[in-house]
Structures are given as structure tokens and as C-alpha cells.
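**Student:** model this:
(3 chains)
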Amino acid sequence: MLEIRNISTYYGHVQALKNVSLEVCEGEIVSIIGANGAGKSTLLNSISAVVPPRSGQIFFNGAEITRLSVEAVVGMGICQVPERRQVFSELTVYDNLLLGAYLRLSGGGSRAEAQKDMENIFELFPILRERSKQPAGTLSGGEQQMLAIGRGMMARPKILLLDEPSLGLAPLLVREIFRALHQLRGQGMTIMLVEQDARAALGLADRAYVMETGRIELSGSSESLMSNEKVKQAYLGRLDRHPKRKGAGR
Amino acid sequence: MKNLSRLFANTNAAGWLALTAIVLLMGWIEIAAPSGFDFADLSGGVITMDTMVRIAILTVVLVGLNLVMGYAGQVSLGHAAFYGIGAYVSAIFTARGHSLFGVSQSVMASWQWPWFVMFAGMAFSTTLAYVIGKPILRLRGHYLAMATLGLGIMVYILFRENMGVQGDHITGSYDGVSGIPRLRVGEFEIWPISRYYFFAWLVALGVMALGMNLINSRTGRALRAVHGSEVAAQAMGVDVAAYKARVFALGAALASLGGSMYAHFQAAVSPSPFSFGGSLELVVMSSVGGLASIWGAPFGVTIILFLKEFLRSRLRVLLSGASGEHEIIFYGLLLIVIMIFLPEGIVIGAMKRWKAWQARGRKETALSEGGKA
Amino acid sequence: MKLSATENRWKSLRMPAIALALIAVILYLGAQKNFGPVQYAQFIADGLRGGAIYAMIAMGFVIVYNVTGVINFAQGAFVMLGAMLAVTFHEMEMPFSPALRLIVSVILSIAATTLIGVLVERLTIHPARFSSPLTLIIITVGVFITIQGLALLVWGPDAHIFPSFTTLEMADKVFRVNGVVIKAQGFWIWGITAIVLIWLAFFFEKTLLGKAMRACAVNQRAARLVGIRFDRMSLLAFAMASALGAISGIIIAPLLRPSFDIGLNLGLKGFVAAIIGGLVNPVGAVLGGLMLGLLENISAGVTKAGMRDIYAYSLLILTLLFRPQGLLGAKKTAVETGGESRA
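**Tutor:** Purely as a prediction, here's the structure:
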């Protein structure tokens, strides 16, 4: 569904992605794990065209999307739930969700359909229904994450890109959110998940890629990665250890 | 000898010496008038000693403004206020000091008095700028822009309305203050104009050297760090707001100095050069010449002064029936175009293109020498 | 800096104390001139009228600033254009009754000014959208003086006249309420300002486009990720600001004898009002405008009329020194965050 071929992305002179290639098939949950600064968020931003790659190509359902604008990418059905939620804090929960469907609505989509979608999201995250009239900034971190995911869902995307949804959340909440993501996959959503919490990510995803300093170092099914020695030591053991170890068999 | 060659390797110093040489040469031509002509004849009446003095005075003001806009990154839209304060303080205390404030005649007649007043004016401007600037410079850029704009207009109104008091005995309202004495050092009067020319350029060159020194000093490095990234500078322990306030105060001091020089040059002051239009002209000069560049000051002043002359003489022909200050249309367009295409101003923009051109030349020779078929 | 309980109590008393002191000074100065309640009421009425104009100009500032992060120095130019274009259209030959002619010239003026605002945004703001705030300020200053200079060229330096809305002539109908003189145009000004404010409130609260603009103001990146196009929002913001500017220029034109240079003063006062309000939302703009109008008028009334502008700009500087976030703003929005870009 989504195919990334050899992209390199720069911030000014700094190269954040070095010849990255990967793919996501329909209905899958694929996870990208790695330490801070490995380039995971940059990868999502390159797909979303926020920071377009300097070289390489990105294909979505066969069509090349590398040079599209941000809103065109959204229009193709690729929706990013950004890092740290980034909800519209001064707008209500209701308005946040409504704006998730902005592209559809401003292009002539029906309000009624959007309301129906909102109902589904309230089913998935009941707490949002309770808080629907409150400004999004008054919600807790976990609720904001649910809101951000809900907002992403409102665009009726074909693939959902999530940037570190577990960031700053208590483990219980993380499990709840990941359970919701699992449910979404069950409804047919394709998900690409960038995560620092490798254990939770590998628990949810079918396949995963391990990134370090802008490159893909490892890839495989979640089970194989979970039993991989290097991965275990670097990401699944003590999570505060710096993963780059010289002489660890590279 | 090595130091001297290193001196010349530094383009700033080399340029400064070159400018000094040009100034001295032009001054000599005026005074000595070899074969009986002066510079005005040489340049077809465009460049006169009067023009050169004005360029020097405005350069003093502009160096300050460039430091504020270029290094503190703040727009000062009312800088003419400090220019005006210097001018009016000098004017009032040297021409009306006795009648207004009872300064004794003997003090008024002494040669030290105008200098004392000049420095007092600078002190006042500096303090005012610091007091207002320190809290406001903590805020985002546009706050200072509007604060200085408001301040500028307030000061202008005060000049025009005789400080809010009935009559015109303080600032002279629309007519201003006249009868300002010339500057003297002991018995030596800094007049006629050829003497003032050397004085003005002495100050201007000195201020430029000071500015260049400042930029290369520790303070200057801190300023450049602030200019580059305020967050980084703050993280490194630079008190960003304090530095900006100091630069703003320095800018005010230099503007005040320029104003006093202007007062003693014209022997009379009136409110109109210190209106919003005056501040605007300073901003245009600064933007065109180059915000973060000391050289931008003389260049910017010269370019705009000549542009003004050119427009005044040509416009009357082009748009018959046009009256008033139409040059502001060109100022506006100039500002827009420069800010979009050459935001660092002409001096830095030109230097960058020069360096890029040089670098390309070097790369090409390297490729042609070392490249394979 | 943690304050003790007593210190906190003093601090919360500071604002009311200053207000009381100010009122005392005003009453004292007024007593010197033997002012009675009628004079004060007159000052208040006139101040509120001017304040309404400042409020609408301020709304234009606030909208542009919130959506695009740009301080639009050229806002005053739109005010001037609104008034002058209305004059020009009104002077044209039209086969309408005087009332209709007025309405048509008003509509044409608003449309033309909005068009100019759109052009300004596309030609000068959009190409410079990644520039530093300093550059953007200078650009909008450049736009302002260019427009003012062209206005001088087109209309000359003289003042023009525009008929009052009630009588459709120069002389306006005047109401006397308990000795307070209120020109009919004042009611037009209040009425139109109120309608505009209500409409803006509806627009931003209830319509999708309004919400999208607010989203852009709150979090530009997230807005893009939802498909909102920043350049469209920027364009819309400028269009609204120029329309608001034009309306304010038009409704004050009958009282003001418009000329090419009214933009600077009005624009700047509008900005002062926006700052007092907090640059946060149009409500703040209205509060700021009314407060500015009141304070400036009363202060000038009890001292010297020519000092009016000095009071207005002193209020600006005092606000920036002591309460930069204005009435409604949060402290952190005003304080320098350093290096924060809106790109």
C-alpha cells in the first residue's frame, strides 16, 4: 500500500534520513522503533510532506506522492497523528474532531456523514463524548491522545500514521490506547506506528523496522524481533540504556 | 610589518582606512581648491560639502540604528525621536538656556557649554531608551516596533506643541529654535563648513571604528549569538534582554549625538525632520544599506540621499502637478523589494554574492585541475 | 517568584487602586474647569464613539496576527482607502437616489479595499512568509507608505467630504439627551460595530471556515496535517482585515473629512487598542478600543485637546511596560519565547 524507496531527508545541511526504504501492506500494523533522534518522526514527516525528502520516492497504492503538498497527501488518505498530540487546545473537543474532517467537509462532504463518524469515535473513546464541549487544552494527556487519534480518524484515512502515541502517558493509558488501535485494525485500518516504547509497539504490530541514526538497521516480524538478541539488549532490556554499542556485532 | 599586512587582510580595517583617505582627499580638494575649483564643480553640483557633512551626521545615527535592527533584531520605528532629542536639547540649552532656565551668561558663553549639553543630551537619550527598552525588549519583536513608533510620534508632538505648554518659548512649535551657536574648542571655532566637515567625519569614522570594534569584541559575539538564535544564546547564559536593551541604549546615544551635531550644523532646528517620516527615512537607509553591517550605514545614507535628490529633480518633470513628498512611494516600494529579495541589505547582499562568485571560481579551477576526463 | 499571602492581596488591589487614583486625578482636573456630569457624559459618549472605530480597526489587526503571526502595519492604509474610495465612488455619476448612491459607494469601497488587501497579501506577504518577523514588519511598513504615497498622488493633499448616513448631507442630525450632544452618525457607528462583532463571533464560533482559521491560529502545524491550507487562511485573514479597515474608515468618514494621511494615526490607535485588549481575540479588541477611546477623550478633555494623541501613546507605552499581555492575554503569549518561528 505504502512503499518508500530510498528516501533521504535533510534539515538544512543535516541528513536525518539516509536511503530509507520500507513498505506497509494493507491491513497491517507496522511499527518503527528506535531511540531518540533516530529519524522516526522525520520519516513520518517526509511521508506527510511536512519535510519532503530530497531524494528517493514514496508510493501510495501505486501512485507517486513524493512531491505532493501536505494537504494533497491528506487528501490521498494518509493521515498523521502528530507527536505530542498537537490538539487545538483552545477549541472544543467537538470542534477538534470536526476539523479532522475539514478536507472532506470543505470539499463538499456532508455534515451528517461527519456526525456519524464522530459517533463512531465516541464509541471507541467514550470519555470524549463526555468532554465534547470542553476546550481540548483542559483534557489530560491520555484523553488528548485519544482526541488526536479520533481527529485523525475523522478524515476517513486509508492509512493512519502515529507519531509516538505513548509519549508522556502512564502505562495503563498506553495499553488502553493500543487496545483501541488494535480495534481499529480489526475494522480494516492500516496503521504505521512510530514508537520509542519498543515493547508496547512490538506487542501491537505485525511487523517492525528498527531505525538508528537515519537508517533502517533491522526489520522483520514482531516475534522475530522480540527474540532478536540485539533488539532485546538495546530496546527491550533497560530502556534507558543508549542503544548504540560498539562491537555489538555490527 | 606582519601586523600591518594582517591589518590589510582584514577587509573592514582596509575599507575604513580607504574611506578615511577618501574623506581626507575630498576635504583637501575643498580647502586647497587646486586650480581654483572645489568638489561641487567636479561632481556637477551633486556632491557638495553640505551633502558630505549630512552624510557624516546621518552615518553616526545609522551605525546606532543598524546595531539595533541588525544585531538586536528589533525594529526601531521612532529612532528620529532620539535624533530629535539630541538636536532639541542642544538647541534649547545653548540658545535659550539663559532665558528659560537661568543659566548664567558666562556659562552660556563658554566653549565647554555646548559640549557639556551634547553629552547631557546623550545621557538623557540613553537613559530613556534603556528604561523603556529593558522591559519591552523582553517581549516579541513587534512590541518594540510599535512602542518606538508611539514614542517617536509623542516626541514629535511634544516638539511641535511646545511640550504641551502654551506659547512657543520652549521648543518654538512649528518654527523651532534658531540662533544655535557654533561649536568651539577653546578659541578655535569649528566653522566654516570645511572645518565642520572634518569634525563631522572625525566623529563618523570614530563611531564606525567603535562599531566594528564592538562587533568583534565579546559583546559583539554575544550580540551575534543573539542575532543567530536567541534560544541558543539564552541557553549559553547570555542575558538576551539585557544585551538588547544595551544595544538599544547605544543606538539612542548615537542618534542623540548625531542630533546635536545636526543642531550645531544647521544653527536652527524645527520639528519636521523628527516626525514619523524622519524615522521612516532612517529605517529605509538602514534596510537598504544593510541591517547588521556597520558599512551599511554610510552606504545606506549615501544611496538614499542621492535617490532623494534624484527623485526631487526628476519627479517634478515626470509628474507635472505632483506636489509634496512623493518620494515616499519609492521608499515604500524600495523597502518591500529589498526586504523580499535582499533582506540583508545591499552591502551584505553584495558581499555574499562576491564571496559566492569567488568560491565558484575556486571550485571551477579545482575541478578543471584535478578532474578526470 | 512566590509571593506571600499578604503580598498577593496587595497585588490584586493594584489594578483597582490605580483605577481609583486615575479617576481621582481626572475629577480633580475637571473640577478646575468646573466640569459637571454633563461634560463627563459628553466625554464618555464621544470617547465610546471613537472607541468603537478603534475597536474595529483593532479587530483587523487581531485576526491577521492570530492567523498569520504578522503584525500588519498597513492596516491603517485600509482604513484610509475605505474612506477615500467611498468618497470617490460617491462623487461619480450614478442614476440612483442619494440614499442608494451612498449604499452603492459604500459597497464598492469595501469591495475595492478588500481586493487591494488581497493583492497586498499575495504580492508582499506570501513571498516573504518564511522571513524573520523584523523583515515582515518592515515589509508591511513599506506597504503602508507605498499606499499612502499613491493616495497622495491620486487624491492630492486636500481633505474631502462624505455625507452623513442619516441626512445624506454634510450636516448631521443631532440628538440631545439631558444636555449631552450625540450626532446621529454615532449611532450608526455603534450599530455597525455591534453588528460586525456579532457576525464575527458567529463566524468564528459556528462556521467551519472560522474554526479552521482559529485552528491555524492555535496550532499551525496540526492545522496543516488536517488539510487546512495556510496560504488560504492567510489570504482570508487579510481580506477580512482590509474589509474591517474599510468599514471603519467609511463609518467615520462623515465626521472626519478624510484625506490621504488619516491612516497613520487611526492605524496606530487601532494597534494600541489591540495591544490593550491582548491581541488574543476580537472581544479583546473591542474592550481595548473602548477603553482607549474613553481614556484618551476624557484625559484630553480635562487637560488640553491637542494632547489627545500623547495620552493614547502613553497608554501604549504604559501597557507595554506594565501589562504587555493586555486585558485578556495570557502572560506567556506576550513574553519573548525566542526563536519561535511560525513556519
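**Student:** Quick one: mean pLDDT for stretch C:103-111?
**Tutor:** Stretch C:103-111 shows a mean pLDDT of 93.
**Student:** Tell me which residue in chain B sits closest to chain A.
**Tutor:** B:S229 (12.7 Å; C-beta to the nearest C-beta). All C-beta spots, glycine's among them, are computed from the backbone N, C-alpha and C.
**Student:** For that residue, grab the count of nearby residues.
**Tutor:** 13 (other C-beta atoms under 10 Å in any protein chain shown).
**Student:** which residues of the stretch 51-200 of chain B fall in strands?
**Tutor:** Under the criterion DSSP state E, counting those that start in this stretch, the stretch 51-200 of chain B contains strands at B:177-178, B:184-185, B:188-189.
**Student:** To chain C, which of those strands lies closest?
**Tutor:** Nearest of the strands of the stretch 51-200 of chain B (C-beta to the nearest C-beta): strand B:177-178, 19.6 Å.
**Student:** what's in contact with the closest one?
**Tutor:** Defining contact as C-beta atoms under 8 Å, 6 or more residues apart in numbering or on different chains, one finds that strand B:177-178 is touched by B:88, B:91-92, B:95-96, B:171-172, B:267-269.
**Student:** Show me which of the residues you listed are buried.
**Tutor:** B:88, B:91-92, B:95-96, B:171-172, B:268-269 (16 or more other C-beta atoms under 10 Å in any protein chain shown).
**Student:** want to throw those residues into a markdown table with pLDDT and distance to B:E30?
**Tutor:** What follows is the buried ones among the contacts of strand B:177-178, written out as a markdown table (pLDDT from 0 to 100; distance: C-beta to C-beta, whole Å):
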| residue | pLDDT | distance to B:E30 |
| --- | --- | --- |
| B:Y88 | 92 | 30 |
| B:A91 | 91 | 27 |
| B:I92 | 89 | 32 |
| B:A95 | 86 | 28 |
| B:R96 | 83 | 33 |
| B:T171 | 76 | 34 |
| B:G172 | 77 | 33 |
| B:A268 | 88 | 24 |
| B:V269 | 91 | 26 |
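**Student:** Wait, A:L68 touches A:I47, no?
**Tutor:** No - at 10.3 Å, A:L68 and A:I47 do not qualify as touching, with contact defined as C-beta atoms under 8 Å.
**Student:** In chain A, which residue sits closest to chain B?
**Tutor:** A:G12 (12.7 Å).
**Student:** Run through the bridge partners of the residue positioned nearest the centre of chain A.
**Tutor:** The C-alpha lying nearest the average C-alpha coordinate of chain A belongs to A:L162 (C-alpha atoms, centre = their mean; 1.4 Å). A:L162 has these beta-bridge partners by DSSP bridges: A:V81, A:L193.
**Student:** So it sits against A:I191, correct?
**Tutor:** Yes - at 6.7 Å, A:L162 counts as touching A:I191 under the criterion of C-beta under 8 Å.
**Student:** in chain A, which spans are helices?
**Tutor:** A:40-47, A:70-75, A:93-100, A:102-106, A:111-124, A:126-130, A:141-153, A:171-186, A:198-204, A:222-226, A:229-231 (DSSP state H).
**Student:** how about the shortest one: buried residues?
**Tutor:** By neighbour count, and taking 16+ other C-beta under 10 Å as the criterion, the buried residues in helix A:229-231 are A:230-231.
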